[in-house]
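Engineer: Got a sequence here, can you model it:
(one chain, ligands or ions: 1)
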Amino acid sequence: MSEENAGLDRYLRRLPKVDLHCHLDGAVRTRTLLELARRQNIPLPADNERDLNRFVQVTAACRSLAEFLDAFNHIVPVLRSPEALERVAYELCEDCRADGIHYVEARFAPMLCVKRGFSAEEALSAALRGLEKGKRDFGVQSGLIVCLLRNHSPEENRGAFNALCRLFGRGAVGMDLAGDEKQFSTKLFADYFEEAKSKSIPTTCHAGEIEGAENLKTALELGVDRIGHGIHILQDESCVNAALKAGIPLEIGLTSNAYSKAVPSLARHPLLPLFKKGLTVTLNTDDRGVLGIDLTHEYRRALELGIPVEGLQKISINGVRSLFAPPALKSQLERQFTQEMEKLYASP
Ligand SMILES: [Zn+2]
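Structural biologist: Sure thing, here's the model as predicted:
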(Lines give C-alpha, C1' and ligand atoms only; values in the text may rest on other atoms or scores of the structure.)
Protein backbone atom coordinates (compact mmCIF):
# COMPACT_ATOMS: atom_id res chain seq x y z
CA MET A 1 0.00 0.00 0.00
CA SER A 2 1.39 3.42 -0.91
CA GLU A 3 2.07 6.06 1.73
CA GLU A 4 -0.88 8.11 0.50
CA ASN A 5 -3.24 5.14 0.60
CA ALA A 6 -2.13 4.19 4.08
CA GLY A 7 -2.70 7.77 5.25
CA LEU A 8 -6.16 7.79 3.72
CA ASP A 9 -7.07 4.49 5.34
CA ARG A 10 -5.87 5.80 8.68
CA TYR A 11 -7.99 8.91 8.23
CA LEU A 12 -11.10 6.91 7.29
CA ARG A 13 -10.60 4.53 10.22
CA ARG A 14 -10.35 7.42 12.67
CA LEU A 15 -13.23 9.34 11.10
CA PRO A 16 -16.04 9.06 13.66
CA LYS A 17 -18.83 6.92 12.26
CA VAL A 18 -22.11 5.22 13.16
CA ASP A 19 -23.48 1.97 11.75
CA LEU A 20 -27.27 1.97 11.41
CA HIS A 21 -27.67 -1.23 9.48
CA CYS A 22 -25.72 -4.08 10.97
CA HIS A 23 -27.13 -7.61 11.19
CA LEU A 24 -25.84 -9.30 14.31
CA ASP A 25 -25.91 -12.74 12.67
CA GLY A 26 -24.00 -11.28 9.71
CA ALA A 27 -21.36 -9.80 12.00
CA VAL A 28 -20.06 -12.94 13.71
CA ARG A 29 -16.32 -13.61 13.61
CA THR A 30 -15.54 -16.96 11.97
CA ARG A 31 -13.25 -17.89 14.85
CA THR A 32 -16.06 -17.28 17.32
CA LEU A 33 -18.47 -19.29 15.20
CA LEU A 34 -16.10 -22.28 15.37
CA GLU A 35 -15.76 -22.00 19.13
CA LEU A 36 -19.46 -21.58 19.78
CA ALA A 37 -20.32 -24.51 17.52
CA ARG A 38 -17.74 -26.76 19.18
CA ARG A 39 -19.03 -25.91 22.62
CA GLN A 40 -22.64 -26.67 21.64
CA ASN A 41 -21.83 -29.74 19.53
CA ILE A 42 -23.28 -28.15 16.44
CA PRO A 43 -21.81 -29.49 13.18
CA LEU A 44 -20.23 -27.01 10.75
CA PRO A 45 -19.01 -27.80 7.22
CA ALA A 46 -15.36 -27.15 8.22
CA ASP A 47 -13.31 -27.22 11.42
CA ASN A 48 -10.83 -24.42 10.75
CA GLU A 49 -11.20 -20.74 10.03
CA ARG A 50 -9.87 -20.70 6.50
CA ASP A 51 -12.03 -23.56 5.24
CA LEU A 52 -15.12 -22.38 7.11
CA ASN A 53 -14.85 -18.96 5.48
CA ARG A 54 -15.68 -20.62 2.16
CA PHE A 55 -19.12 -21.39 3.62
CA VAL A 56 -19.87 -18.40 5.82
CA GLN A 57 -18.34 -15.58 3.78
CA VAL A 58 -19.31 -14.39 0.32
CA THR A 59 -17.17 -12.61 -2.25
CA ALA A 60 -17.66 -10.73 -5.51
CA ALA A 61 -18.03 -14.18 -7.09
CA CYS A 62 -21.36 -14.65 -5.29
CA ARG A 63 -24.02 -15.20 -7.94
CA SER A 64 -27.28 -14.35 -6.23
CA LEU A 65 -29.06 -13.20 -3.09
CA ALA A 66 -29.96 -16.85 -2.46
CA GLU A 67 -26.29 -17.84 -2.40
CA PHE A 68 -25.61 -14.85 -0.17
CA LEU A 69 -28.28 -15.92 2.30
CA ASP A 70 -27.00 -19.49 2.33
CA ALA A 71 -24.09 -18.37 4.52
CA PHE A 72 -26.59 -17.61 7.29
CA ASN A 73 -27.80 -21.23 7.34
CA HIS A 74 -24.49 -22.16 8.93
CA ILE A 75 -24.42 -19.22 11.34
CA VAL A 76 -27.91 -18.95 12.79
CA PRO A 77 -28.12 -22.43 14.43
CA VAL A 78 -25.02 -21.57 16.45
CA LEU A 79 -26.68 -18.44 17.87
CA ARG A 80 -29.59 -20.19 19.59
CA SER A 81 -28.28 -19.71 23.11
CA PRO A 82 -27.97 -16.76 25.49
CA GLU A 83 -24.18 -17.19 25.78
CA ALA A 84 -23.72 -17.15 22.01
CA LEU A 85 -25.85 -14.05 21.43
CA GLU A 86 -24.30 -12.18 24.32
CA ARG A 87 -20.81 -12.97 23.07
CA VAL A 88 -21.34 -11.98 19.44
CA ALA A 89 -23.01 -8.71 20.50
CA TYR A 90 -20.08 -7.98 22.81
CA GLU A 91 -17.51 -8.76 20.12
CA LEU A 92 -19.40 -6.58 17.65
CA CYS A 93 -18.75 -3.62 19.96
CA GLU A 94 -15.05 -4.48 20.06
CA ASP A 95 -14.95 -4.61 16.25
CA CYS A 96 -16.83 -1.31 16.03
CA ARG A 97 -14.32 0.34 18.30
CA ALA A 98 -11.44 -0.74 16.03
CA ASP A 99 -13.41 0.63 13.07
CA GLY A 100 -14.05 4.15 14.42
CA ILE A 101 -17.73 3.44 15.02
CA HIS A 102 -19.07 5.26 18.09
CA TYR A 103 -22.65 4.06 17.89
CA VAL A 104 -24.01 0.86 16.37
CA GLU A 105 -27.60 -0.17 15.83
CA ALA A 106 -27.45 -3.95 15.65
CA ARG A 107 -30.41 -5.94 14.37
CA PHE A 108 -31.52 -9.53 14.16
CA ALA A 109 -34.64 -11.65 13.88
CA PRO A 110 -35.17 -13.16 17.34
CA MET A 111 -37.58 -15.78 15.97
CA LEU A 112 -34.65 -17.39 14.13
CA CYS A 113 -32.97 -17.94 17.47
CA VAL A 114 -35.82 -19.33 19.55
CA LYS A 115 -35.83 -22.96 20.58
CA ARG A 116 -37.54 -24.91 23.33
CA GLY A 117 -36.91 -23.03 26.55
CA PHE A 118 -35.39 -19.99 24.82
CA SER A 119 -37.85 -17.26 23.88
CA ALA A 120 -37.62 -14.28 21.53
CA GLU A 121 -37.51 -11.95 24.50
CA GLU A 122 -34.68 -13.95 26.07
CA ALA A 123 -32.78 -13.90 22.77
CA LEU A 124 -33.08 -10.13 22.56
CA SER A 125 -32.17 -9.72 26.22
CA ALA A 126 -29.02 -11.80 25.73
CA ALA A 127 -27.91 -9.61 22.84
CA LEU A 128 -28.68 -6.52 24.90
CA ARG A 129 -26.46 -7.79 27.73
CA GLY A 130 -23.61 -8.20 25.25
CA LEU A 131 -24.13 -4.69 23.87
CA GLU A 132 -24.25 -3.25 27.37
CA LYS A 133 -20.97 -4.94 28.34
CA GLY A 134 -19.50 -3.79 25.03
CA LYS A 135 -20.46 -0.23 25.83
CA ARG A 136 -18.79 -0.50 29.22
CA ASP A 137 -15.57 -2.07 27.91
CA PHE A 138 -15.18 -0.40 24.51
CA GLY A 139 -17.16 2.83 24.84
CA VAL A 140 -19.36 1.97 21.84
CA GLN A 141 -22.97 3.03 22.31
CA SER A 142 -25.73 0.96 20.78
CA GLY A 143 -29.37 0.16 20.18
CA LEU A 144 -31.05 -3.06 19.11
CA ILE A 145 -33.46 -3.25 16.17
CA VAL A 146 -35.87 -6.18 16.01
CA CYS A 147 -36.30 -7.75 12.56
CA LEU A 148 -39.59 -9.20 11.43
CA LEU A 149 -39.16 -11.52 8.46
CA ARG A 150 -41.16 -11.49 5.24
CA ASN A 151 -41.09 -15.30 4.97
CA HIS A 152 -42.15 -15.88 8.57
CA SER A 153 -45.69 -16.83 9.61
CA PRO A 154 -47.98 -14.23 11.19
CA GLU A 155 -47.54 -16.07 14.52
CA GLU A 156 -43.76 -15.81 14.33
CA ASN A 157 -43.83 -12.14 13.41
CA ARG A 158 -46.32 -11.48 16.18
CA GLY A 159 -43.88 -13.18 18.57
CA ALA A 160 -41.05 -10.91 17.46
CA PHE A 161 -43.24 -7.82 17.60
CA ASN A 162 -44.49 -8.60 21.10
CA ALA A 163 -40.93 -9.15 22.33
CA LEU A 164 -39.97 -5.80 20.80
CA CYS A 165 -42.84 -4.08 22.59
CA ARG A 166 -41.72 -5.52 25.93
CA LEU A 167 -38.11 -4.41 25.47
CA PHE A 168 -38.75 -1.10 23.71
CA GLY A 169 -37.11 1.64 25.74
CA ARG A 170 -34.95 -0.95 27.49
CA GLY A 171 -32.35 -1.31 24.75
CA ALA A 172 -34.64 -2.20 21.85
CA VAL A 173 -35.00 0.91 19.71
CA GLY A 174 -36.94 0.01 16.60
CA MET A 175 -38.49 -2.44 14.16
CA ASP A 176 -37.24 -3.67 10.80
CA LEU A 177 -38.73 -5.87 8.10
CA ALA A 178 -36.21 -8.10 6.30
CA GLY A 179 -36.28 -11.02 3.89
CA ASP A 180 -37.30 -11.71 0.30
CA GLU A 181 -39.04 -8.55 -0.91
CA LYS A 182 -39.70 -10.02 -4.35
CA GLN A 183 -41.88 -12.82 -3.02
CA PHE A 184 -43.52 -11.05 -0.07
CA SER A 185 -44.57 -7.44 -0.63
CA THR A 186 -44.31 -4.79 2.07
CA LYS A 187 -48.11 -4.37 1.92
CA LEU A 188 -48.58 -7.74 3.65
CA PHE A 189 -46.94 -6.30 6.77
CA ALA A 190 -48.71 -2.94 6.87
CA ASP A 191 -50.40 -3.76 10.20
CA TYR A 192 -47.08 -4.05 12.04
CA PHE A 193 -45.88 -0.71 10.76
CA GLU A 194 -49.14 0.95 11.75
CA GLU A 195 -49.06 -0.67 15.17
CA ALA A 196 -45.44 0.37 15.70
CA LYS A 197 -46.35 3.92 14.74
CA SER A 198 -49.23 3.96 17.22
CA LYS A 199 -46.74 2.95 19.95
CA SER A 200 -44.11 5.50 18.77
CA ILE A 201 -41.70 2.70 17.91
CA PRO A 202 -39.33 3.85 15.12
CA THR A 203 -39.32 1.70 11.99
CA THR A 204 -37.08 0.84 9.10
CA CYS A 205 -37.77 -1.51 6.22
CA HIS A 206 -35.57 -3.35 3.74
CA ALA A 207 -37.05 -2.07 0.47
CA GLY A 208 -35.82 -1.16 -2.99
CA GLU A 209 -32.74 -3.29 -2.41
CA ILE A 210 -33.66 -5.24 -5.53
CA GLU A 211 -35.07 -3.82 -8.79
CA GLY A 212 -38.42 -2.04 -8.67
CA ALA A 213 -39.88 0.65 -6.45
CA GLU A 214 -43.18 -0.92 -5.39
CA ASN A 215 -42.00 -2.01 -1.91
CA LEU A 216 -40.31 1.32 -1.41
CA LYS A 217 -43.47 3.17 -2.28
CA THR A 218 -45.48 1.16 0.24
CA ALA A 219 -42.85 1.64 2.94
CA LEU A 220 -42.85 5.40 2.40
CA GLU A 221 -46.66 5.49 2.43
CA LEU A 222 -46.61 3.59 5.72
CA GLY A 223 -44.45 6.35 7.17
CA VAL A 224 -41.27 4.40 7.91
CA ASP A 225 -38.49 6.43 9.52
CA ARG A 226 -35.69 4.92 7.43
CA ILE A 227 -35.27 2.65 4.42
CA GLY A 228 -32.93 -0.34 4.37
CA HIS A 229 -30.90 0.11 1.15
CA GLY A 230 -33.53 1.77 -1.10
CA ILE A 231 -30.89 2.01 -3.80
CA HIS A 232 -33.42 1.61 -6.63
CA ILE A 233 -35.40 4.66 -5.53
CA LEU A 234 -34.24 6.63 -8.59
CA GLN A 235 -36.53 4.40 -10.66
CA ASP A 236 -39.54 6.24 -9.25
CA GLU A 237 -39.65 10.01 -9.14
CA SER A 238 -42.60 10.09 -6.71
CA CYS A 239 -40.62 7.99 -4.20
CA VAL A 240 -37.62 10.28 -4.55
CA ASN A 241 -39.80 13.30 -3.88
CA ALA A 242 -41.49 11.64 -0.90
CA ALA A 243 -38.12 10.64 0.61
CA LEU A 244 -36.70 14.12 0.02
CA LYS A 245 -39.73 15.83 1.51
CA ALA A 246 -39.80 13.70 4.65
CA GLY A 247 -35.99 13.49 4.87
CA ILE A 248 -36.05 9.69 4.98
CA PRO A 249 -32.53 8.24 5.28
CA LEU A 250 -31.32 5.39 3.09
CA GLU A 251 -29.23 2.77 4.93
CA ILE A 252 -26.83 1.77 2.18
CA GLY A 253 -24.34 -1.10 2.22
CA LEU A 254 -22.07 -0.86 -0.84
CA THR A 255 -20.29 -4.21 -0.69
CA SER A 256 -23.49 -5.91 0.38
CA ASN A 257 -25.32 -4.55 -2.66
CA ALA A 258 -22.50 -5.58 -4.99
CA TYR A 259 -22.09 -9.11 -3.58
CA SER A 260 -25.82 -9.85 -3.35
CA LYS A 261 -26.15 -8.68 -6.96
CA ALA A 262 -28.56 -5.89 -6.04
CA VAL A 263 -26.31 -3.93 -8.43
CA PRO A 264 -24.36 -5.52 -11.32
CA SER A 265 -21.03 -4.43 -9.81
CA LEU A 266 -19.68 -2.04 -7.22
CA ALA A 267 -18.52 0.32 -9.98
CA ARG A 268 -22.15 0.68 -11.08
CA HIS A 269 -23.54 1.41 -7.62
CA PRO A 270 -25.83 4.50 -7.67
CA LEU A 271 -24.40 5.97 -4.43
CA LEU A 272 -23.13 9.14 -6.12
CA PRO A 273 -26.37 9.93 -8.01
CA LEU A 274 -28.36 9.30 -4.81
CA PHE A 275 -26.05 11.61 -2.89
CA LYS A 276 -26.17 14.30 -5.59
CA LYS A 277 -29.95 14.14 -5.63
CA GLY A 278 -29.84 15.38 -2.04
CA LEU A 279 -31.20 12.19 -0.50
CA THR A 280 -30.13 11.44 3.08
CA VAL A 281 -27.54 8.80 2.33
CA THR A 282 -25.87 6.78 5.09
CA LEU A 283 -23.16 4.10 4.84
CA ASN A 284 -23.39 0.86 6.77
CA THR A 285 -21.79 -2.57 6.93
CA ASP A 286 -24.99 -4.70 6.64
CA ASP A 287 -23.09 -7.98 7.22
CA ARG A 288 -19.53 -7.24 8.24
CA GLY A 289 -18.68 -10.89 9.00
CA VAL A 290 -20.30 -12.54 6.01
CA LEU A 291 -18.88 -9.88 3.68
CA GLY A 292 -15.47 -9.82 5.35
CA ILE A 293 -15.47 -6.02 5.53
CA ASP A 294 -15.67 -3.16 8.02
CA LEU A 295 -17.15 0.32 7.76
CA THR A 296 -13.76 1.92 7.05
CA HIS A 297 -13.63 -0.30 3.96
CA GLU A 298 -17.08 0.93 2.89
CA TYR A 299 -16.09 4.60 3.28
CA ARG A 300 -13.07 3.86 1.11
CA ARG A 301 -15.32 2.37 -1.58
CA ALA A 302 -17.56 5.44 -1.41
CA LEU A 303 -14.53 7.61 -2.06
CA GLU A 304 -13.73 5.49 -5.11
CA LEU A 305 -17.29 6.00 -6.33
CA GLY A 306 -16.68 9.75 -6.39
CA ILE A 307 -17.91 10.96 -3.00
CA PRO A 308 -15.40 13.58 -1.78
CA VAL A 309 -13.99 13.52 1.77
CA GLU A 310 -16.36 16.34 2.80
CA GLY A 311 -19.19 14.19 1.45
CA LEU A 312 -18.08 11.30 3.66
CA GLN A 313 -18.18 13.60 6.67
CA LYS A 314 -21.70 14.62 5.69
CA ILE A 315 -22.69 10.96 5.31
CA SER A 316 -21.35 10.23 8.79
CA ILE A 317 -23.35 13.12 10.25
CA ASN A 318 -26.41 11.93 8.31
CA GLY A 319 -26.00 8.66 10.18
CA VAL A 320 -25.91 10.38 13.57
CA ARG A 321 -29.07 12.35 12.76
CA SER A 322 -30.82 9.18 11.60
CA LEU A 323 -30.18 7.13 14.74
CA PHE A 324 -33.14 5.74 16.64
CA ALA A 325 -31.90 7.60 19.71
CA PRO A 326 -33.17 10.51 21.82
CA PRO A 327 -32.68 13.96 20.16
CA ALA A 328 -30.43 15.21 23.01
CA LEU A 329 -28.05 12.27 22.57
CA LYS A 330 -27.97 12.77 18.81
CA SER A 331 -27.16 16.49 19.18
CA GLN A 332 -24.39 15.69 21.61
CA LEU A 333 -22.94 13.04 19.26
CA GLU A 334 -23.14 15.43 16.32
CA ARG A 335 -21.18 18.07 18.23
CA GLN A 336 -18.59 15.49 19.23
CA PHE A 337 -18.29 14.15 15.67
CA THR A 338 -17.94 17.66 14.20
CA GLN A 339 -15.16 18.53 16.65
CA GLU A 340 -13.32 15.28 16.00
CA MET A 341 -13.60 15.75 12.24
CA GLU A 342 -12.09 19.24 12.51
CA LYS A 343 -9.24 17.91 14.62
CA LEU A 344 -8.62 15.06 12.17
CA TYR A 345 -8.50 17.53 9.30
CA ALA A 346 -5.95 19.66 11.12
CA SER A 347 -3.67 16.66 11.72
CA PRO A 348 -4.18 14.15 8.91
ZN1 LIG B 1 -29.89 -5.78 5.78
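Engineer: From now on I want contacts and neighbour counts done on CA atoms only, so please keep to that.
Structural biologist: Will do.
Engineer: Please report how far N241 lies from S142.
Structural biologist: With distances taken as Cα to Cα, to the nearest Å, N241 is found 31 Å from S142.
Engineer: more crowded one of the two?
Structural biologist: The residue with more neighbours, out of N241 and S142, is S142; 26 against 14, by other Cα atoms under 10 Å.
Engineer: residue ranges with poor pLDDT in the stretch 1-150 of the chain?
Structural biologist: 1 (pLDDT under 70).
Engineer: hey, where'd the helices end up in it?
Structural biologist: Along the stretch 1-150 of the chain, counting by DSSP state H, counting those that start in this stretch, helices occupy 3-14, 30-40, 49-56, 65-75, 82-98, 120-138.
Engineer: Can I get these in a markdown table including distance to L177 and mean neighbour count?
Structural biologist: Listed next are those as a markdown table, based on distance: least, Cα to Cα, whole Å; neighbours: other Cα atoms under 10 Å:
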| stretch | distance to L177 | mean neighbour count |
| --- | --- | --- |
| helix 3-14 | 30 | 15 |
| helix 30-40 | 25 | 17 |
| helix 49-56 | 23 | 17 |
| helix 65-75 | 16 | 16 |
| helix 82-98 | 20 | 22 |
| helix 120-138 | 16 | 22 |
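Engineer: Dump those helices into JSON lines; add distance to L272 as well.
Structural biologist: Listed next are the helices of the stretch 1-150 of the chain as JSON lines, based on distance: least, Cα to Cα, whole Å:
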{"stretch": "helix 3-14", "distance to L272": "18"}
{"stretch": "helix 30-40", "distance to L272": "33"}
{"stretch": "helix 49-56", "distance to L272": "30"}
{"stretch": "helix 65-75", "distance to L272": "23"}
{"stretch": "helix 82-98", "distance to L272": "25"}
{"stretch": "helix 120-138", "distance to L272": "33"}
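Engineer: Distance of E4 relative to A84?
Structural biologist: 40 Å.
Engineer: ok, the closest residue to A46 other than its chain neighbours - contacts?
Structural biologist: Distances taken as Cα to Cα, 6 or more residues apart in numbering place L52 nearest to A46, at 4.9 Å, with adjacent residues excluded. Contact analysis of L52 by Cα atoms under 8 Å, 6 or more residues apart in numbering lists T30, L44, P45, A46.
Engineer: Now rank the residues you listed by neighbours and give me the top one.
Structural biologist: T30 (20 neighbours).
Engineer: and it, what is it in contact with?
Structural biologist: Shown in contact with T30 (Cα under 8 Å, 6+ apart): E49, L52, N53, V56, G289.
Engineer: Next one: E221 from C239, what distance?
Structural biologist: Remark: distance between E221 and C239 (Cα to Cα) = 9 Å.
Engineer: More neighbours: which of the two?
Structural biologist: More crowded of E221 and C239, by other Cα under 10 Å: C239, with 22 against 13.
Engineer: pLDDT score for that one?
Structural biologist: C239 carries a pLDDT score of 98 in this model.
Engineer: That one sits in which helix or strand?
Structural biologist: Using DSSP states H and E, the element containing C239 is helix 237-246.
Engineer: ok, the helix or strand following that helix: who's next to it in the sheet?
Structural biologist: Under the assignment DSSP H and E, the closest C-terminal helix or strand after helix 237-246 is strand 250-252. Using DSSP bridges, the strands paired with strand 250-252 are strand 226-229 (parallel), strand 281-283 (parallel).
Engineer: Pull the residues that contact the last one.
Structural biologist: Going back to what we said before, that points to strand 281-283. Contacts for strand 281-283 (Cα under 8 Å, 6+ apart): 19, 249-254, 271, 274-275, 295, 298-299, 315-316, 318-319.
Engineer: Kindly recompute the last result at 6 Å.
Structural biologist: P249, L250, E251, I252, G253, I315, G319 (Cα atoms under 6 Å, 6 or more residues apart in numbering).
Engineer: One more: the longest one?
Structural biologist: Counting contacts by Cα under 6 Å, 6+ apart, the residues outside strand 226-229 that touch it are T204, C205, H206, A207, E209, I248, P249, L250, E251, I252.
Engineer: let's go with 8 Å and repeat that
Structural biologist: With contacts defined as Cα under 8 Å, 6+ apart, strand 226-229 is touched by 21, 203-209, 216, 219, 248-253, 322.
Engineer: which parts of it are buried?
Structural biologist: By 16 or more other Cα atoms under 10 Å, the buried positions in strand 226-229 come out as R226, I227, G228, H229.
Engineer: Same list (those residues) but as TSV, adding pLDDT.
Structural biologist: Formatted as TSV, the buried residues of strand 226-229 follow (pLDDT from 0 to 100):
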residue	pLDDT
R226	98
I227	98
G228	98
H229	98
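Engineer: what would the residues you listed look like in a markdown table with distance to L112?
Structural biologist: Below are these laid out as a markdown table (distance: Cα to Cα, whole Å):
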| residue | distance to L112 |
| --- | --- |
| R226 | 23 |
| I227 | 22 |
| G228 | 20 |
| H229 | 22 |
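Engineer: And these, which is closest to C147?
Structural biologist: Distances from C147 to the buried residues of strand 226-229, taken as Cα to Cα, are shortest for G228 (11.6 Å).
Engineer: Run a quick neighbour tally on the spatially closest residue to the closest one that is not a sequence neighbour.
Structural biologist: Distance criterion Cα to Cα, 6+ apart; nearest residue to G228, sequence neighbours excluded, is H206 at 4.1 Å. A total of 26 residues lie near H206 under the criterion other Cα under 10 Å.
Engineer: Name the next helix or strand downstream of the helix or strand hosting G319, please.
Structural biologist: Remark: G319 resides in helix 309-322, with elements defined by DSSP H and E. Where DSSP H and E defines the elements, the next helix or strand beyond helix 309-322 is helix 327-346.
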